[in-house]
Every structure is written in structure tokens, then in C-alpha cells.
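Enquirer: give me a 3D structure for the following:
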Amino acid sequence: MDTVILNKIIEGCQNNEQSSQRRLYELYAKRMVAVCLRYTDDYEIARDLMHDGFIKVFHCIADYRGYGSFEGWLRRIFVNLSLDYIKKRINRVDIEQVDCLSERERDDFSLTQDIDTMAIYDAIKQLPEVARTIFNMFNIDGYSIKEIGEQLNMSSEAVRSQHSRAKERLRRILMKE
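Expert: Okay, here's the model as predicted:
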């Protein structure tokens, strides 16, 4: 998208113009549903989160000052919204009971070696919710272990353990294919 056009759309959204809001929604809805889907394996929930996210975007877009990537700013809103949803669900789950897997790490094994990207994506969707969330935050969204712990109200050790379990589980899933 041309930055001049995108800036006009953003400016229109900042002025509460419905046509600009509709255009922004049309431009980013599919990408933001994909972001939300990384945190929940339920498409309907992801769509609900995406709709809630755009409501928040339109409410907060006046705060966007043009520094950095607009899509990065937008993505952060949807990731945080998805994390809030997950945090509410985590409070109802005993984190330590999630699939006890081997703690053994095999860092020399590459998940992407000779494996189709869609197979990896499908394998990630098979992870338990907490493990999937931590794996996505660390490996896809670039959060640090400390940041993940702060976001999910977990100790760094619990985050590392869940991340390790998620990687081991992914290895097992992908080795079967």
C-alpha cells in the first residue's frame, strides 16, 4: 500500500470518517484475524477478537503519531487483545497440568527443515492453549521470556518450561508427519 494513501486513510480514521474506517478494516481485517488465530484455534473467537480490536483501533487511532510501522502498531493492539483473552482463560487452567512432556532439549533439530510451512502452522494449532500462546509470543511475535512472564503473570521459569514443552510437542507432531 502506498504510504500517502495509507496516511490519508489514517488521518480520516483520526477524524472519525466512516469511509476511512471501512477502508482500514478492509485492508487489515484478514491479517489481524490471522494474528488472533495464532492465539486461539477457534476461528469464531479470532473473528470476535478482530472485531473488538478494530473498535479499540478506532478509539485509539488518535494516539498514533506516525512513528514506526503502522501495521506494527496495529498488530500490537491485536496481540495484546488476544493475550488479554488468553490471560482470562489461563486463570481457569492449572498451568502445571498442561501435557507433561520431556524437558529434554534438542536445539540442533530444526523444525523448519524439509517441512511445509502449513504443516508447521497446523502443528502449532495442535498445541495446548498456554503452550501455543507462549510459543507464538516468543517465536513469532518476538517477546522475551521476561515480557511473556509479565504479560501472562507467570514466572520466567514457568514460561521457559512451557516453551520447552511446546517445542518438544511440535517436534513430536512434525516427526509423525
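Enquirer: helix or strand next in line after the worst-scoring helix or strand of the chain on mean pLDDT, which one?
Expert: Across the helices and strands of the chain, mean confidence by mean pLDDT, DSSP states H and E is lowest for helix 117-125: a mean of 76. Downstream of helix 117-125, the next assigned helix or strand under DSSP states H and E is helix 129-135.
Enquirer: which neighbouring elements make contact with that following helix?
Expert: Judged by 3 or more CB pairs under 8 Å, 6 or more residues apart in numbering; DSSP states H and E, helix 129-135 is in contact with helix 70-90, helix 117-125, helix 145-152, helix 156-176. From N, CA and C alone the C-beta is placed, and that goes for glycine too.
Enquirer: those: lowest mean pLDDT?
Expert: Here the helices and strands packed on helix 129-135 differ in mean pLDDT, and the lowest is helix 117-125 at a mean of 76.
Enquirer: and it, how far out from the chain's middle?
Expert: 14 Å (CA atoms, centre = their mean, to the nearest Å).
Enquirer: just checking, residue 47 touches residue 34?
Expert: No: contact criterion CB atoms under 8 Å: residue 47 and residue 34 do not qualify, at 11.1 Å.
Enquirer: mind listing what's buried along the least confident helix or strand of the chain?
Expert: Within helix 117-125, the residues that count as buried by 16 or more other CB atoms under 10 Å are 120, 123, 124.
Enquirer: ok, now stretch 21-31?
Expert: Of the residues in stretch 21-31, 21, 23, 24, 25, 27, 28 count as buried by neighbour count, 16+ other CB under 10 Å.
Enquirer: coming back round to it: kindly reformat the helices and strands packed on helix 129-135 as a markdown table containing distance to residue 52.
Expert: Shown next, in a markdown table, are the helices and strands packed on helix 129-135 (distance: least, CB to CB, whole Å):
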| stretch | distance to residue 52 |
| --- | --- |
| helix 70-90 | 6 |
| helix 117-125 | 21 |
| helix 145-152 | 18 |
| helix 156-176 | 26 |
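Enquirer: can you get me a residue count around residue 43?
Expert: Look at residue 43: counted by other CB atoms under 10 Å, it has 11 neighbours.
Enquirer: ok, of the buried residues of stretch 21-31, which one's closest to residue 139?
Expert: Of all those, residue 139 sits closest to residue 28, with 22.6 Å by CB to CB.
Enquirer: what's the following helix or strand after the host helix or strand of the closest one?
Expert: Assigned by DSSP H and E, residue 28 belongs to helix 18-37. Following helix 18-37 in sequence order, the next helix or strand is helix 43-60 (DSSP H and E).
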